[in-house]
Every structure is written in structure tokens, then in C-alpha cells.
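K.L.:
Turn this into a structure:
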Amino acid sequence: MARASRLLLLILLLVLGATRAAPAIDILKGIMPGKVSALHEKVEGSCLECHVLGQKQFFEKCLACHKEVQRDIEGKKSFHGKIDAPRCETCHAEHKGRENSLIDFKKEKFDHTQAEFSLVGKHRQAECAGCHLKHKYRETPRDCFSCHVKKDKHEGGLGKACERCHTSDGWKEIKFDHSKTRFLLEGKHQTVGCEKCHAAAPFSSTPTTCVGCHQKEDKHKGVLGRQCENCHTAAAWKKILFDHNKTEFKLIGRHQEAPCLKCHKSPQLKETPKVCFSCHQKEDRHKGVLGRQCESCHSAEGWKKILFDHDQTRFRLIGSHREAPCLKCHQTPQLRETPKACFECHRKEDRHKGKLGQECDRCHVAEKWKRITFDHAATKYPLIGKHITVPCATCHAEERYKISSECSTCHRKDDKHQGKLGDSCDRCHVEKAWKEIQKFDHRKTRFPLLGKHEPIRCARCHPTLLFKDVSSVCVDCHREDDYHRGSFGAKCEFCHAADDWKRQTFDHVKETGYPLVEKHSKIKCGDCHRKPLFSQKTSRQCVQCHRRDDPHDGELGARCEICHTTVGFKVIKKISSEKEFIGIARFRRTTDR
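P.N.:
Have a look, this model is predicted:
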């Protein structure tokens, strides 16, 4: 079948060869599978320009026109040279119309490494058309400069080998190793932008001396020469290497912290004065009265740190005087005219308003103004207890010192007894604590405190603190506790004791004639004398209390004691004869009747 097809094609070509060319081409166009692309339009109809009779492959025909691709294949370089057994029609399909692109491959699967240009960094994000202009692929240059020439801020001054400094990871990421130049980057130079020093190309013409870049910043205006590195470092412009101790003025104390320009007002550093007064004249609060030898009192450690030894004067500093600022006492530059008497300085602070004289040191000390040395024990009223901690002014108000020693003089307002107990507070109270009562002896009253009454707080019985208005009758305090509801009168002590309210002193035999024995001696009063307690005489019959306990339901009458005893209700007397039993029955009939 294949041989027949080829034979038919050969006959057709021979026939066409015998006819005119133009009609032949028209015939071929009629049998083509489709129009060729615009690039091959010139050879459309000339089938043998691309095809070989009797062969499916037309690889050699393609290379006859595309010599540069042939060289790549033969040299095994570039994209086409890397393909095993290349077939042009695999990627470059024809007869699909004028608008058809001869390059037909899936971009996302294309391995760019075969084109001898691996896509790394930012190149991975670039669109194909961004580099392959006008659909040119093989002819696309591989060097950076060809694509990035318009972005070259160096304007060609550094050559075309962009990759020496830049990387494909980012245009602004520089890999240039400055340490391989004649100028090693140190300190602040490491963070400076390239264009800061390299303002113009070529970079090789950039000066390497400090003054070459920093001449405008030279505050010395060239007076100290051009060797900036003698004092300054690349670590920081304000970090000075200069060793001031090698000069005639060593820097100590606060001078080490002072900026150079604080002392060196002009670039002529050697003309700076070395005397304290020359720099600190404006700060001299003494206005020159004490001379110009500032160092006699002051030190470089701190202006306020004074070296002056006040103990060498006629007024030694002790106590709080050591902490006082000089100007607190020396308010004028004429220090020697400062008074030495306490009163002269502390006149405004004298709360006594001169009434106690001007000899402050009789009571006060220099350690602390509020610390008093006055000995109150030497007066008619020694201070003891709480009085020791009371401020003087509490008792000596309005600077009154000759006052009465009676308690009521100071404590009249505190007297909760309203004067009912007189002015002799010390009869009950002590200086240790006002609320602590130690002296009062209740036994000397009409109501000595016994038993439970002894530990009770005074206010429990004396709510008004007038004391004398309180009754000594028990029921007046214990009325609410009275179980008897007044039926026994007001003499609680007749039955109750002061040491224990529940302990009874009542003699049941003596007062009632009804002895409490056995079980009756152990029960509570209220079990027999039900509420209201003792409001009426309680019956002595057993049945009065034990009616509910009677298992006989009254069949045997009300005299339980004939059979039962107070030892225990279940303890039954022994009935020794018929006579006793008949007696019980007779008692029942009598009771019933």
C-alpha cells in the first residue's frame, strides 16, 4: 500500500512537471492539508523545498535553511544540540494556517536548563516574552548587560559583567567583596549605601582618604590637618580615639563625659584654657568673691561634690547639717558672714515664736530637728506609758508649757463618763493604755465581781459608762434569760450562782418537802416544771408527769408508787401476798369512784 502511494505521488509529480509551473503550483495547493505559516509562505506550493519524496522525515531539508540550528546540533550545544535524535516536526508543526506559531510547546513544562541558561532567582518569575522579544528564542542573549542595559545606574562605567556584584535573587542584593579592594569596609562604612561614596563612575576613582568624603563635615575646618583617623574611627564618627591624657590637661571625672566642643569652642584646640574658672565663670555662684581656685572646694567628679572640709572652720557640720546644701545656710557669696547661732537660721521654723528663747540646742539636736533632748523626767510630770510617744504639741497646744498635770485637763473631751466619776481619771485608768483598766477595785463597791461576772467587759453591764446608774439586782440584767417569767421574783441568787448560771443552789427538800432521789435527781427542772415554769404548784402524784408513760391506760389508778420506784420506771416492787394485790384492786375501785 505504501509503495502504491509513493508511486502515485511520483507519477503526479511527473505529470505536473510536463505542464506549466503556475498551474502546477495551484494544483499542489489544492491537495495540501492546509496553509503554511507566514514564515514559510514564500515556499508554499514548492513541496520539495521541505519534503523528500518517499520519506516521512524532512529533518535535513529543515537544516538546509536553518544553518545555525545545524551548527548547534553538530556542536551539541544550545537547546537543539542537547536533544537526542531531534525531529523538527515534533515542536514545529506546519500546514495549520498563516497565524500558526511554529513553536508549539508547553511553557510550564519546558526545561530551560537545556537552553544552557538555568532559570534561578528572579528569572523564575519573569515572563518568557520579557526576555524573548519578538518570539526570538535561540537568538536571545545570555549575558545580564544585554537585557539590563537600560537599568544600569553605572552607565557602563563598571563594564558589562553585572554578575560580579549582582545576583539573580534580587537586583539590590550585592555580592561584591569590598575586602578585595584597596579599601576594606569597617564599622559604619559597612552599612552605607554604595552610591553614598561612589557618587559617580568609575568607582576606581573614589578617594580612599577620610577627608576625601568627610571634608564638608570637618568642624575643625582643616586646622587639625587631614588625618581624621588620628582621632575618629569608622565605628562611629563621634567615637574619639584621641588620648587626652597625653596632653597637658588630663580628663578626669565629668570631663571625660563632656563633648569636645563643650570646652573647645574654636578649632584652635591648643588655645583652650586649662583653668577651671575660665570655663565655669558663668556658673560661679560666688560671683568671684571666693577667688578663681575652684578646685579648692569642687572636684571634677561632680560640680556639687564639695571637697571643702567644714570641720576646719569654727562651725563643724554634724547631723542633718551635713546633708544640707551649702546655699541653704550660705545665702550670700560672703560665706564668712554666715551666722553660727541656730536661731539665726531657724527663726522661721520656731514654732515656739520666741517664747522659749533663742537657745534651740537646749531641746533640739543637729541630728534631726524633731528629735528632742528635753528631759521631761526633770519636770513635775515624768512621761510614762503612752505619754512617751505623744507629740509635744498634743499636750502643749499653742506653745503653752506650764499646764496642769491633772488628767482631765487634756482628756476632758475623752471622758465618756460625762464627769459623773470626777476628775481623778487615774483611779481607774493607767498611762499604758486608756482602755486598759487596772486600778479600779470592784470589790470596794456594793457589787463585788464574782464568778462569771469577773471577766465580763465593763461596757456589758455599764452601756452608758455612767456606772452609778446600773442596778445591782440580778433580774435587771438577766430579765430576758428568766425562764420563770418572773414567777419566782427578782432574787435570782436564791437558786443560781455567779460562777455558773446553770449550776443550781436550790435545796429541793428544804424548800418543797419533795426530795429528789434516784432518777429524779438527774432530770432537768423543766422536765417536771413545764413552761411557764413554776407558775403554779406542781402536783406530787406520779401520774401528773407519767400519764403518757402509763401502759395500763389508767386501769390501775393514779398511785404509780405502789408498784413502781424512782430507781427506774421498769423496776417493779415485789407483790408478796394476795393481800397486797387486793389492796391494789381496792385502790383502783376507790380511785375510780
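K.L.:
List the contacts of the closest residue to C210 other than its chain neighbours.
P.N.:
Excluding its sequence neighbours, the residue lying closest to C210 (C-beta to C-beta, 6 or more residues apart in numbering) is C228, at 3.7 Å. (Glycine included, C-beta is placed from N, CA and C.) The contact partners of C228, by C-beta atoms under 8 Å, 6 or more residues apart in numbering, come to 210-211, 214, 218.
K.L.:
Can you give me the separation between C228 and I388?
P.N.:
74 Å (C-beta to C-beta, to the nearest Å).
K.L.:
Same question for H255.
P.N.:
Taking C-beta to C-beta, one finds H255 at 54 Å from I388.
K.L.:
Who has more neighbours out of those two?
P.N.:
More crowded of H255 and I388, by other C-beta atoms under 10 Å: H255, with 15 against 10.
K.L.:
in a strand, that's where the more buried one is, yeah?
P.N.:
No. Using DSSP: H, G, I helix; E, B strand; the rest coil, the assignment for H255 is helix, not a strand.
K.L.:
who's in contact with it?
P.N.:
Contacts of H255 were listed using C-beta under 8 Å, 6+ apart, and they are 263, 300.
K.L.:
What about the nearest residue to N245 once chain neighbours are set aside, how many residues nearby?
P.N.:
Spatial nearest neighbour of N245, chain neighbours left out: L251 (6.9 Å); criterion: C-beta to C-beta, 6+ apart. As a burial measure, L251 scores 15 neighbours (other C-beta under 10 Å).
K.L.:
And for F79?
P.N.:
A count of neighbours around F79, defined by other C-beta under 10 Å, yields 19.
K.L.:
Mind checking what secondary structure the residue nearest to N245 has?
P.N.:
Following three-state DSSP, we place L251 in the coil state.
K.L.:
Hmm, it is touching D243, no?
P.N.:
No. Look at L251 against D243 with C-beta atoms under 8 Å: they stay out of range, at 9.4 Å.
K.L.:
Output the below-cut-off pLDDT ranges for the stretch 401-550 of the chain.
P.N.:
For the stretch 401-550 of the chain, the stretches with pLDDT under 70 are 530-536.
K.L.:
Recalculate using a threshold of 90.
P.N.:
Along the stretch 401-550 of the chain, the model assigns pLDDT under 90 to residues 401-447, 449-550.
K.L.:
Do a quick rundown of the helices in it.
P.N.:
407-411, 458-461, 474-478, 508-512, 525-528, 542-546 (DSSP state H, counting those that start in this stretch).
K.L.:
Export those helices as JSON lines, with columns for mean neighbour count.
P.N.:
Listed next are the helices of the stretch 401-550 of the chain as JSON lines, based on neighbours: other C-beta atoms under 10 Å:
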{"stretch": "helix 407-411", "mean neighbour count": "15"}
{"stretch": "helix 458-461", "mean neighbour count": "12"}
{"stretch": "helix 474-478", "mean neighbour count": "15"}
{"stretch": "helix 508-512", "mean neighbour count": "11"}
{"stretch": "helix 525-528", "mean neighbour count": "13"}
{"stretch": "helix 542-546", "mean neighbour count": "15"}
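K.L.:
Including distance to G159, could those helices go into JSON lines?
P.N.:
Formatted as JSON lines, the helices of the stretch 401-550 of the chain follow (distance: least, C-beta to C-beta, whole Å):
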{"stretch": "helix 407-411", "distance to G159": "104"}
{"stretch": "helix 458-461", "distance to G159": "108"}
{"stretch": "helix 474-478", "distance to G159": "118"}
{"stretch": "helix 508-512", "distance to G159": "134"}
{"stretch": "helix 525-528", "distance to G159": "124"}
{"stretch": "helix 542-546", "distance to G159": "133"}
